[in-house]
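Chemist: Generate coordinates for the sequence data below:
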Amino acid sequence: MRAFIFPGQGSQAVGMGRALAEASPHAREVFGEVDEALGQHLYRLMTEGPESGLTLTENAQPAIMANAIAVLRVIEREGGVRLSDKADFVAGHSLGEYTALCAAGAFDLSTTARLLKLRGQAMQAAVPVGEGAMAALLGADRAKAQAIADAAAEGEVCTVANDNDPGQVVISGARTAIERAVALAKDHGAKRAVLLPVSAPFHCPLMQPAADAMEAALADVAMQAPLVPVFANVTAAPVADPAVIRALLVEQVTGMVRWRESVAAMWDTGVTDYVELGGKVLGPMVKRTAPDATTTSVITMDDIEALLKAL
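Modeler: Here you go, the predicted model:
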């Protein structure tokens, strides 16, 4: 069985999408649709920068999605291969869950772009700049990370945000609590703790205002059942009912991204082949959770041609 997977924030880089757009009118069409939906020159920001503008979460989120959907559109239109014929499941990391839903036909491209722009704006607005932080704990599993977060909290928000793989867990919360966690991480058995260059503390209770904003936005958009089930971040289980998906997307804003468990559950279901579109971040995480899995990263036209031969 095969899953198509879609990366989250941090996979953006100035220059993304340019080579694909130069090589394919179908990729250019995707970037044009997203620009039109947002009423901004996002593609120009993706290809020319500045990096400071692209890194803003309200731009990074739709950019990462557009880049992955451009890859998919080339596979489908030029390769004549439909995702629904070649994938048993889709999944995405955080914002990548929206990309996965777009890829599986649950949201159209314009709707996905507008939802992610709003999600980024709402997440940024939820906590004043500088008051929240996130840190990656390396060489720590979820239990160890939770113990570090609990020890550092001292009455402030400090919680596990992303359970990425058996040796990488991200915590999120109040900046002072996260800084305490970084300082005491090694004493609790983590190899290393690194503050992440993010502008807000994602996937923690401080994001509740953003969850409220997404609940209102998602109530207003058209949504179809996905052509293949999506493994949801907050349950690490497959879902195809639009009403349930809406509720889980709201919960996802403040909830933990259970990526390690999602990969383990997909593997247990029989998924051995994981194809990451638009990034090369998730493949290594998959391999650390399911060492015998086959992972493929598809970003360039050469990657697409190799994938089409393999499918």
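
Chemist: Residue 275 and residue 311, how far apart?
Modeler: To residue 311, residue 275 is 9 Å away according to C-beta to C-beta, to the nearest Å. Backbone N, C-alpha and C define where each C-beta goes, glycine included.

Chemist: One more: residue 91?
Modeler: According to C-beta to C-beta, residue 91 and residue 311 sit 18 Å apart.

Chemist: which helix in this protein runs the most residues?
Modeler: Secondary structure assigned by DSSP state H gives helix 57-79 as the longest helix of the chain.

Chemist: Now do the buried residues in it.
Modeler: 57-76, 78 (16 or more other C-beta atoms under 10 Å).

Chemist: least trustworthy helix or strand in the protein by mean pLDDT?
Modeler: Across the helices and strands of the chain, mean confidence by mean pLDDT, DSSP states H and E is lowest for helix 51-55: a mean of 93.

Chemist: Show me what that helix is in contact with.
Modeler: Helix 51-55 has contacts (C-beta atoms under 8 Å, 6 or more residues apart in numbering) with 12, 13, 14, 45, 46, 59, 60, 63, 197, 199.

Chemist: again, only using 6 Å
Modeler: The contact list for helix 51-55 (C-beta atoms under 6 Å, 6 or more residues apart in numbering) reads 12, 14, 45.

Chemist: gap between the closest residue to the first one other than its chain neighbours and residue 11?
Modeler: Nearest residue to residue 12 in three dimensions, chain neighbours excluded: residue 60, at 4.6 Å (C-beta to C-beta, 6 or more residues apart in numbering). Summarising the geometry, the distance separating residue 60 from residue 11, computed by C-beta to C-beta, is 9 Å.

Chemist: swap in residue 61?
Modeler: 11 Å.

Chemist: and stretch 20-39, C-alpha only, in PDB?
Modeler: As requested, the backbone C-alpha atoms of stretch 20-39 are provided in PDB (Å, rounded to 0.1, in the frame of the first residue of the first chain):
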ATOM      1  CA  LEU A  20       9.000  23.400 -11.900                       C
ATOM      2  CA  ALA A  21       7.100  26.500 -13.100                       C
ATOM      3  CA  GLU A  22       9.700  27.100 -15.800                       C
ATOM      4  CA  ALA A  23       9.400  23.500 -17.000                       C
ATOM      5  CA  SER A  24       5.600  23.000 -16.800                       C
ATOM      6  CA  PRO A  25       2.600  25.100 -17.700                       C
ATOM      7  CA  HIS A  26       0.600  23.000 -15.300                       C
ATOM      8  CA  ALA A  27       2.800  24.100 -12.400                       C
ATOM      9  CA  ARG A  28       2.500  27.700 -13.500                       C
ATOM     10  CA  GLU A  29      -1.200  27.400 -13.500                       C
ATOM     11  CA  VAL A  30      -1.200  26.300  -9.800                       C
ATOM     12  CA  PHE A  31       0.900  29.200  -8.800                       C
ATOM     13  CA  GLY A  32      -1.300  31.600 -10.800                       C
ATOM     14  CA  GLU A  33      -4.500  30.200  -9.200                       C
ATOM     15  CA  VAL A  34      -3.100  30.600  -5.700                       C
ATOM     16  CA  ASP A  35      -1.900  34.200  -6.400                       C
ATOM     17  CA  GLU A  36      -5.400  35.000  -7.700                       C
ATOM     18  CA  ALA A  37      -7.100  33.400  -4.700                       C
ATOM     19  CA  LEU A  38      -5.000  35.400  -2.200                       C
ATOM     20  CA  GLY A  39      -4.900  38.600  -4.200                       C
END
